[in-house]
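Trainee: Predicted coordinates and the sequence they were generated for:
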Amino acid sequence: MSHRLINGRDVAAQVTEALEDRLQALRAQDTNPGLAVVVVGDDPASHVYVRMKGKACERLGMLSRTHILPSTTSEDDLLDLIDALNADGEIHGILCQLPLPPHINERKVIERIDPRKDVDAFHPYNVGRMLIGDPLFLPATPAGVQRLLISHDIETRGKHVVVLGRSNIVGKPMASILMQKGEGGDATVTVAHSRSTDLPGLCRQADILIAAVGIPFFVKADMVKEGAVVIDVGTNRVDDPGSEKGYRLVGDVDFDNVKEKAAAISPSPGGVGPMTIAMLMENTVKAAEMTLRP
Ligand code: GUN
């Protein structure tokens with residue numbers, strides 16, 4: 001089957017471009033959105049993401065502040081920083097890059113962020129608002145997947161979407177977003193995970209299969225229905241002694257084989273990634289707008 005390639009780059013550029021007018025309106029009211037990104041420790045992937053988020057802000061002329069803290073930072077010191085950012089009038093969005101070192105309670109940190117500055121939408125207040133269908137912000141990656149489906153005219157209404165993975169960052173919010181009423185929603189959603197019975201059989205029922213398990217090449221061709229839409233959200237490092245860095249990034253989907261069965265497929269890398277950043281920028285602009293129109 002000839003497949004359609006879904007690449008997030010163009011849609012991400014459109015999302016970002018659409019922010020320009022809103023930024024101009026904000027600046028006319030003496031407000032420039034500011035995003036504070038906090039990273040604790042030296043997880044190399046986290047530092048890559050944090051750099052990308054900072055650069056995206058700067059490209060839009062928004063204020064970007066990155067706080068790089070050592071892995072020995074105490075929970076109290078991190079909470080003090082969050083308190084200061086909550087009180088900082090120049091900062092409209094606060095994001096604490098996960099994972100945090102094991103001695104820091106992740107939930108406690110997330111819950112310290114002012115929900116109106118919680119541009120990751122990880123605070124239980126925002127998770128709750130998402131679930132009832134009245135969100136302040138939507139989490140960037142699943143919101144980006146939804147936007148990607150909409151902009152490629154991929155109907156979700158009445159379709160069976162199987163979400164592989166149940167993380168708080170992707171799987172659970174993805175399911176919640178797709179089951180809501182309205183455009184990009186109205187789907188019948190199954191969340192499949194490591195304890196699901198007959199996972200390949202569940203995946204084969206999917207009209208739209210969204211993989212977010214964090215296991216390289218987990219989704220094989222025999223797990224995909226002919227003509228399905230496949231979205232790979234996984235980003236995994238695998239050893240690659242032949243490459244300069246000694247590793248390469250691969251997704252959760254065995255792309256070369258799965259693409260032969262899919263009607264449309266979004267690879268990783270090269271798919272959802274730029275959408276995550278674009279949606280984060282959109283959330284930060286919204287957070288700034290909310291301070292003017294509370
Ligand atoms: N770690 C992996 N994805 C994310 C994300 O979207 N936001 C934050 N803060 N940490 C992450």
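Mentor: Arrived safely, thanks for sending. Numbers count the residues shown, from 1 in each chain.
Trainee: can you pull the contacts of the residue of the chain found nearest the ligand?
Mentor: For the chain and the ligand, the shortest gap (Cβ to the nearest ligand atom) falls at L98, measuring 3.7 Å. Every C-beta, even on glycine, is put in place using the N, C-alpha and C of the backbone. L98 sits next to 46, 106, 169 when contact means Cβ atoms under 8 Å, 6 or more residues apart in numbering.
Trainee: got these as TSV, with neighbour count and distance to the ligand columns?
Mentor: What follows is the contacts of L98, written out as TSV (neighbours: other Cβ atoms under 10 Å; distance: Cβ to the nearest ligand atom, whole Å):
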residue	neighbour count	distance to the ligand
S46	18	7
E106	16	10
I169	18	5
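Trainee: quick revisit: mind checking what secondary structure the residue of the chain closest to the ligand has?
Mentor: For L98, the assignment made with DSSP: H, G, I helix; E, B strand; the rest coil gives coil.
Trainee: for the residue nearest to I6 when sequence neighbours are not counted, what are its contacts?
Mentor: With Cβ to Cβ, 6 or more residues apart in numbering as the criterion, I6 has its nearest non-adjacent residue at 3.8 Å, and that residue is S266. Counting by Cβ under 8 Å, 6+ apart, S266 makes contact with 5-8, 148, 230-232, 272.
Trainee: Apply 10 Å and report the result again.
Mentor: With contact set as Cβ atoms under 10 Å, 6 or more residues apart in numbering, S266 has these partners: 4-8, 145, 148-149, 152, 210-211, 229-233, 251, 253, 255, 272-273, 275.
Trainee: The stretch 151-294 of the chain against the ligand: which residues are in contact?
Mentor: The stretch 151-294 of the chain comes close to the ligand at residues I169, as judged by Cβ under 6 Å from any ligand atom.
Trainee: Give me the residue ranges of the stretch 151-294 of the chain where confidence is low.
Mentor: Scanning the stretch 151-294 of the chain for pLDDT under 70 picks out 294.
Trainee: Could you do the stretch 1-150 of the chain as well?
Mentor: Applying pLDDT under 70 to the stretch 1-150 of the chain flags residues 1.
Trainee: Could I get the full set of helices for it?
Mentor: Remark: helices assigned in the stretch 1-150 of the chain by DSSP state H, counting those that start in this stretch are 8-28, 44-59, 75-87, 106-112, 124-131, 140-151.
Trainee: From P44, how far off is the residue sitting nearest the centre point of the chain?
Mentor: Nearest to the mean C-alpha position of the chain, by Cα atoms, centre = their mean, lies T141 at 1.7 Å. Relative to P44, T141 is positioned 19 Å away (Cβ to Cβ, to the nearest Å).
Trainee: can you check L138 too?
Mentor: Taken as Cβ to Cβ, the span from L138 to P44 is 28 Å.
Trainee: What of L280?
Mentor: Taking Cβ to Cβ, one finds L280 at 20 Å from P44.
Trainee: and if you look at A187?
Mentor: Noted for A187: a distance of 35 Å to P44, by Cβ to Cβ.
Trainee: So for those two, which sits in the more crowded spot?
Mentor: A187 (23 against 9; other Cβ atoms under 10 Å).
Trainee: Quick check: the more buried one touching I208?
Mentor: Yes. With contact defined as Cβ atoms under 10 Å, A187 reaches I208; the gap is 7.4 Å.
Trainee: Give me the common contacts of these two.
Mentor: 149, 155-156, 159-161, 163, 178.
Trainee: between those, which is closest to M52?
Mentor: Taking Cβ to Cβ as the measure, M52 sits nearest to L149 out of those, at 22.7 Å.
Trainee: so what's that closest one up against?
Mentor: Applying Cβ under 10 Å, 6+ apart, we find L149 in contact with 6, 11, 155-156, 159, 161, 178, 183-184, 187, 208, 210, 229, 231, 264, 266.
Trainee: One more: N283?
Mentor: By Cβ under 10 Å, 6+ apart, the contact set of N283 is 33, 35, 92-93, 95, 117-121, 136-140, 143.
Trainee: Give me the subset of those that also touch the ligand.
Mentor: Near the ligand, judged by Cβ under 6 Å from any ligand atom, the entries from these are 95, 120, 140.
Trainee: wait, is R237 part of a strand?
Mentor: Yes. Under three-state DSSP, R237 sits within a strand.
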